[in-house]
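In: Here is the input, now give the coordinates:
(one chain, ligands or ions: 2)
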Amino acid sequence: MIHESKTALEVDRVTLELGGRAILNDASFAVHTGEFIGVLGPNGAGKTTLMRALLGLVPVASGAIRVNGEAVVRGNPSIGYMPQIRAGLANRRVLGRDFVAMAADGHRWGLPHRDARTRADVERVLDLVGARQLAARPLSELSGGERQRLLLAQCLLGNPRLLLLDEPLISLDPRHQTSVVELVRRVQRELNITVLFSAHELNPLLNSLDRVLYLGNGRAALGTVDEVITKPVLSRLYGSTIDVMRVNGRIFVMSGDVEIDKLDHAHENGNGHQHEHEHEHDHGHAHAHSHGKKGTHTHDV
Ligand SMILES: Nc1ncnc2c1ncn2[C@@H]1O[C@H](COP(=O)(O)OP(=O)(O)O)[C@@H](O)[C@H]1O
Ligand SMILES: [Mg+2]
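Out: Ligands and ions are numbered 1, 2, ... in the order given. The predicted structure follows:
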């Protein structure tokens, strides 16, 4: 039987520094195996940096991180990672199935051709995300939500126990956001794996997450929504007065009269489909834009 620690992730008095600046400062928290954690916090709070630290790509300045009970190691096969930058996929003619398989060939086993085991694993992950049909089509013909399914399939290759999904919703309209979150939730439960899912907005995750990890001001707060999404906790993380309002099962985090996640990320303008285009421009550089009538902006992906 595979050894499995009850604690998927232990962060013990960890400081992470980039360019001489502390991104995370003496933070401690622990995530249990099988939890779905929403990783939230303002732009630049360190969500991506934390994930990269779990992958061994950012060294800890002090403290210790343990993943599934083991010290951090690069190329850890027990972690599946969906990086934040995913521009350019929309132009690719490669078939969905080959795209998923490329991750197996390239990143995990380094084999020049696919062996039977790899092929079986590709079919397994396509089934898990319900993408067998999609996989017969080229990426360029898929919607953003459909491509997201294939990216999730890639992360599941090799049976990781911890998934790090960095802003999987950033390019999607609200309807697709919900379906991606629900898909991740279903797969996460089916496999009893742990998920860290970063996002700018809490609401799409509300029905699926077990706990929230909120980052800000070099600090981290991990707890239930009721414990963390509160005026005192968020005011401490933002370093200014934050109000929390609940309306019809949705939660609004406000700074003055501005909704926090709208400060640098206007996600909705009411027509509900503008974000579908986000990664489909052909400039070839790693930013995204919306085609909404108003609130057009640039993400710092
Ligand atoms: N290579 C780097 N060198 C110095 N600073 C960096 C580097 N990468 C990111 N940062 C900074 O670290 C902070 C955290 O960034 P990041 O982890 O990307 O935040 P988030 O994902 O929450 O938006 C930001 O202030 C960012 O500008
Ligand atoms: Mg990020």
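In: which residues of the stretch 101-250 of the chain fall in helices?
Out: All helices of the stretch 101-250 of the chain, identified by DSSP state H, counting those that start in this stretch, fall at 116-128, 144-156, 174-191, 225-228, 231-238.
In: Report the buried residues of the longest one.
Out: Applying a neighbour-count criterion of 16 or more other Cβ atoms under 10 Å, the buried positions in helix 174-191 are 176-178, 180-181, 183-185, 187-188, 191. Heads up, the C-betas are built off the backbone N, CA and C, glycines and all.
In: and what of the fourth one?
Out: Of the residues in helix 225-228, those with enough neighbours to count as buried (16+ other Cβ under 10 Å) are 225, 228.
In: and S208, what is it in contact with?
Out: By Cβ atoms under 8 Å, 6 or more residues apart in numbering, S208 lies in contact with 36, 181-182, 184-185.
In: Any figure for the gap between the residue of the chain found nearest ligand 2 and L142?
Out: Nearest to ligand 2, among the residues of the chain, is T48, at 3.2 Å (Cβ to the ion). The gap separating T48 from L142 is 25 Å, by Cβ to Cβ, to the nearest Å.
In: circling back to that earlier point, unless I'm mixing things up, the residue of the chain closest to ligand 2 is touching S198, no?
Out: Yes: if you go by Cβ atoms under 8 Å, T48 and S198 touch, sitting 7.4 Å apart.
In: more crowded one of these two?
Out: Between T48 and S198, counted using other Cβ atoms under 10 Å, the more crowded position is S198 (26 against 20).
In: Tell me the secondary structure at the closest residue to S62 other than its chain neighbours.
Out: Leaving aside its sequence neighbours, S62 sits nearest to T15 (Cβ to Cβ, 6 or more residues apart in numbering; 4.6 Å). What DSSP: H, G, I helix; E, B strand; the rest coil gives for T15 is strand.
In: what sits against T15?
Out: Residues near T15 by Cβ under 8 Å, 6+ apart: 22, 24-27, 60-63.
In: I'd like to know how many residues surround E141.
Out: By the criterion of other Cβ under 10 Å, E141 has 13 neighbours.
In: What distance do you get for E259 to ligand 1?
Out: Separation of E259 from ligand 1 (Cβ to the nearest ligand atom, to the nearest Å): 18 Å.
In: Now the closest residue to that residue other than its chain neighbours: which helix or strand?
Out: Spatially, and ignoring its direct neighbours in sequence, E259 is nearest to F252 (5.6 Å; Cβ to Cβ, 6+ apart). Under the criterion of DSSP states H and E, F252 resides in strand 250-255.
In: Following the chain past that strand, name the next helix or strand.
Out: Heading C-terminal from strand 250-255, the first helix or strand you meet, by DSSP H and E, is strand 258-259.
In: Need the residues that contact that following strand.
Out: 252-253.
In: so what's in contact with T48 and S198 at the same time?
Out: Counting by Cβ under 8 Å, 6+ apart, the shared contacts of T48 and S198 are 84, 166.
In: what does the stretch 51-200 of the chain put close to ligand 2?
Out: Taking Cβ under 5 Å from the ion as the contact definition, the stretch 51-200 of the chain meets ligand 2 at Q84.
In: could you pull out the strands for the stretch 51-200 of the chain?
Out: Under the criterion DSSP state E, counting those that start in this stretch, strands of the stretch 51-200 of the chain are mapped to 62-67, 70-71, 79-82, 162-165, 194-198.
In: Which residue, other than its chain neighbours, is closest to V253?
Out: Leaving aside its sequence neighbours, V253 sits nearest to I260 (Cβ to Cβ, 6+ apart; 4.3 Å).
In: can you pull out the strands in the stretch 201-301 of the chain?
Out: For the stretch 201-301 of the chain, the strands defined by DSSP E, counting those that start in this stretch occupy 211-216, 219-223, 243-247, 250-255, 258-259, 288-289, 298-299.
In: how about the ones you listed in JSON lines, adding mean pLDDT?
Out: Formatted as JSON lines, these follow (pLDDT from 0 to 100):
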{"stretch": "strand 211-216", "mean pLDDT": "97"}
{"stretch": "strand 219-223", "mean pLDDT": "98"}
{"stretch": "strand 243-247", "mean pLDDT": "94"}
{"stretch": "strand 250-255", "mean pLDDT": "93"}
{"stretch": "strand 258-259", "mean pLDDT": "87"}
{"stretch": "strand 288-289", "mean pLDDT": "32"}
{"stretch": "strand 298-299", "mean pLDDT": "32"}
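In: Quickly compare those and say which is most buried.
Out: Of all those, strand 211-216 carries the top mean neighbour count, a mean of 23, counting by mean count of other Cβ atoms under 10 Å.
In: which residues are in contact with that one?
Out: Here strand 211-216 makes contact (Cβ under 8 Å, 6+ apart) with 24, 29, 31, 35, 37-42, 45-47, 50, 196, 202, 220-225, 228-229, 233-234, 237-239.
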